[in-house]
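I need the structure of the sequence given here:
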Amino acid sequence: MARKRKNNNKKIGAPVLHCLNPNAAGVDVGATEIYIAVPADRDPQPVRHFSTFTEDLHAAADWLKSCQIETVAMESTGVYWIPLFQILEARGFQVSLVNARYVKNVPGRKSDVSDCQWLQYLHSVGLLRGSFRPEQAVCTVRSILRHRDSLVQMASSHVQHMQKALDQMNLQLHHVISDITGVTGMTIIEAILAGERNPHTLAALRDGRIKATADTIAKSLVGDYRREHLFTLGQSLAAFRHYQELIGACDREIAQLLETFESKMNPPEGSLLESQDGQNPSAGEPRFDLQSHLYRIFGVDLTRIPGINVLTTQTLLAEIGPDLSQFPSAPEFTSWLGLCPDNRVSGGKVLSVKTRKVKNRAATALRMAAQALHRSQSYLGHFYRRMRAKLGAPKAITATAHKLARIIYHMVTTRQAYDETICVQNEMQNRQRLEARLRKQARDLGLEIIPAKTGAIG
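Got it, this is the predicted structure:
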């Protein structure tokens, strides 16, 4: 007979999480309505929904005040959270903007009510961490810079339309000169739209800095001028110039906003600062002395770092700001950028060390800067090529971007200028460690390493 199992009526209590934020609320934000959950003891109806009209958002803030709420957690859903975030922040609430991937509920029935209640519970027990958001002045500049980027992309699409119209008329001008939006290209296109068809007359309009000869340009301007393609060319040119006017207006607004930032260091008097690699200004750069503003705001010239240009520094200002105090150390800064390994360990076994998949404009800018070091003869250029040969291009770009981020963090927090000799010293230390390791391996194999003889330098 099987022995009867004793029925132990002792109940094992489930772990209870202590409430760290008793005055916490959770908000589920949508396009037309929002749902807010407060603690059950604050109101007979602890979950309410409001419309997204401005007066309703203020009514929601009043209700939260009446419930004695001090901190609010909400998901970053598109741009719908911005009006409510700004209203609550202005009313004195501590608002935590959380990543949606970190607040996923358990599988089951999903509703707006359950989502806001889940956010309220997680926030009350201290399991939510607010996303980094720079100060309002930086957010203002960021909004206009992102809008400017979209205008630049739209303008470039009309340049492609002009090139298509030229191709359809078999005019090879855009294959002969590097940029049809330059002085030569615009002058010739305007003359074509004005009715000029003589290729030699058009070629005579070339700027003296153009490498292509007048005969080559004249050959490229012999084609089939058709009315429909000329109409498309004129429309595209007008649209391109319209967007250039809008971009100029954005530049003037950005320049005025940058004037309001605190100066950490006055830039040197004279001409515009030159980057270490002598990089030429890009066509997408704003049409004012942006580099001097960036030097003044950051307190250090980040363009002295190989691979970092004015546009990269501008992106860093717009996405992060000049104050990195919210990142206690360089590893935490690179972790936020998603440029360091995301170690996943289970049962003492490393499952993955891949970097996190994040959409961060600053990290993207640093990756592009790292890729630009392919031909650089600096220490960072040598580092990128060594990592590329060892790990492949994608991992080398990430590793170099990680190093650039650490250098930028050090320069901004200490306000020390970029010093290539420090990198050279680190390279010498790495070389010494490598040599010591090779000598040890040779001794274990019963071999001896003999340094190669170098010729005398005359």
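
please spell out which residues along stretch 350-359 are buried.
Within stretch 350-359, the residues that qualify as buried are residue 355, counting by 16 or more other Cβ atoms under 10 Å. For the C-beta atoms, the positions are set from N, CA and C on the backbone; glycine is no exception.

export that stretch as PDB, just CAs?
Provided in PDB are the C-alpha atoms of stretch 350-359 (Å, rounded to 0.1, in the frame of the first residue of the first chain):
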ATOM      1  CA  VAL A 350      27.400  33.400 -21.500                       C
ATOM      2  CA  LEU A 351      24.500  33.300 -24.000                       C
ATOM      3  CA  SER A 352      25.200  36.400 -25.900                       C
ATOM      4  CA  VAL A 353      27.500  39.500 -25.900                       C
ATOM      5  CA  LYS A 354      25.900  41.400 -28.800                       C
ATOM      6  CA  THR A 355      25.100  45.000 -28.400                       C
ATOM      7  CA  ARG A 356      21.600  46.100 -27.800                       C
ATOM      8  CA  LYS A 357      19.400  47.100 -30.700                       C
ATOM      9  CA  VAL A 358      18.700  50.700 -30.000                       C
ATOM     10  CA  LYS A 359      17.600  53.600 -32.200                       C
END
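
and stretch 321-331, C-alpha only, in CSV?
What follows is stretch 321-331 as a C-alpha-only set of coordinates in CSV (Å, rounded to 0.1, in the frame of the first residue of the first chain):
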residue,chain,number,x,y,z
GLY,A,321,23.3,68.2,-24.8
PRO,A,322,26.5,69.7,-23.2
ASP,A,323,25.8,68.3,-19.7
LEU,A,324,26.8,64.6,-19.3
SER,A,325,26.3,64.7,-15.5
GLN,A,326,23.4,62.2,-15.7
PHE,A,327,25.9,59.6,-16.8
PRO,A,328,28.2,58.9,-13.8
SER,A,329,30.9,57.2,-15.9
ALA,A,330,32.0,56.6,-19.4
PRO,A,331,30.8,52.9,-19.3
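
now for residue 243, how many residues are close by?
Neighbour count for residue 243, taken as other Cβ atoms under 10 Å: 19.

one more: residue 372?
Neighbour tally, residue 372, other Cβ under 10 Å: 19.

what about it, distance to residue 400?
With distances taken as Cβ to Cβ, to the nearest Å, residue 372 is found 10 Å from residue 400.

give the residues shared as contacts by these two.
Counting by Cβ atoms under 8 Å, 6 or more residues apart in numbering, the shared contacts of residue 372 and residue 400 are residue 307.

poorly predicted segments of the chain, please.
1-17, 105-109, 269-284, 453-458 (pLDDT under 70).

domain ranges for this structure?
Per automatic domain parsing, the structural domains of the chain span 24-124, 138-259, 290-423.

I'd like those laid out as a markdown table, including distance to residue 440.
Formatted as a markdown table, the domains of the chain follow (distance: least, Cβ to Cβ, whole Å):
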| stretch | distance to residue 440 |
| --- | --- |
| domain 24-124 | 45 |
| domain 138-259 | 51 |
| domain 290-423 | 21 |
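
and of those domains, who's closest to residue 431?
Across the domains of the chain, residue 431 has its closest neighbour in domain 290-423 (11.4 Å, Cβ to Cβ).

what about that closest one, start to end distance?
End-to-end distance for domain 290-423: 28 Å, by Cα to Cα, to the nearest Å.

once you drop chain neighbours, what's closest to the residue most central in space within the chain?
Nearest to the geometric centre of the chain sits residue 361, at 1.4 Å (Cα atoms, centre = their mean). Excluding the flanking residues, the one nearest residue 361 by Cβ to Cβ, 6 or more residues apart in numbering is residue 319, at 5.0 Å.

residue contacts, residue 128?
Per Cβ under 8 Å, 6+ apart, neighbours of residue 128: 73, 96, 98, 102-103, 119, 122.

out of those residues, which are buried?
73, 96, 98, 103, 119, 122.

and which of these is nearest residue 340?
Out of the buried ones among the contacts of residue 128, the member with the shortest distance to residue 340 (by Cβ to Cβ) is residue 98, at 21.3 Å.

tell me what the closest one is bridged to.
Assessed by DSSP bridges, residue 98 has beta-bridge partners residue 75.

quick check, it in contact with residue 127.
No - with contacts defined as Cβ atoms under 8 Å, residue 98 does not count as touching residue 127, sitting 9.9 Å away.

roughly how far apart are the residue nearest to the centre of the chain and residue 104?
In terms of Cβ to Cβ, residue 361 sits 25 Å off from residue 104.

same deal with residue 179?
48 Å.

got it, and residue 298?
For residue 298, the distance to residue 104 equals 37 Å [Cβ to Cβ].

neighbour count for those two, which is higher?
Set side by side, residue 298 and residue 104 show more neighbours around residue 298, with 23 against 10, by other Cβ under 10 Å.

which non-adjacent residue is nearest that one?
Counting by Cβ to Cβ, 6+ apart, the residue nearest residue 298 is residue 322, at 5.2 Å.

helix, strand, or coil at the one you found?
coil (DSSP: H, G, I helix; E, B strand; the rest coil).

residues touching it, list them.
So residue 322 contacts 138, 261, 264, 297-299, 412 (Cβ under 8 Å, 6+ apart).

how much space between it and residue 309?
Counting by Cβ to Cβ, the gap from residue 322 to residue 309 is 18 Å.

same check, this time on residue 143
Going from residue 143 to residue 309 by Cβ to Cβ gives 22 Å.

now do residue 390
27 Å.

more crowded one of the two?
Neighbours were counted for residue 390 and for residue 309 using other Cβ under 10 Å; residue 309 has more, 22 against 10.

mind listing the helices for the stretch 101-250 of the chain?
112-124, 136-168, 173-176, 183-193, 199-203, 214-220, 227-259 (DSSP state H, counting those that start in this stretch).

looks to me like residue 394 is in a strand.
No - under three-state DSSP, residue 394 sits outside any strand and is assigned helix.

that one: neighbour count?
Around residue 394 there are 10 residues (other Cβ under 10 Å).

and the one 10 residues further on, by the same measure?
Using other Cβ under 10 Å, residue 404 has 26 other residues around it.

please name every helix or strand in contact with the helix or strand in which it is found.
Here residue 404, judged by DSSP states H and E, is contained in helix 393-414. Judged by 3 or more Cβ pairs under 8 Å, 6 or more residues apart in numbering; DSSP states H and E, the packing partners of helix 393-414 are helix 330-337, helix 361-371, helix 379-391.
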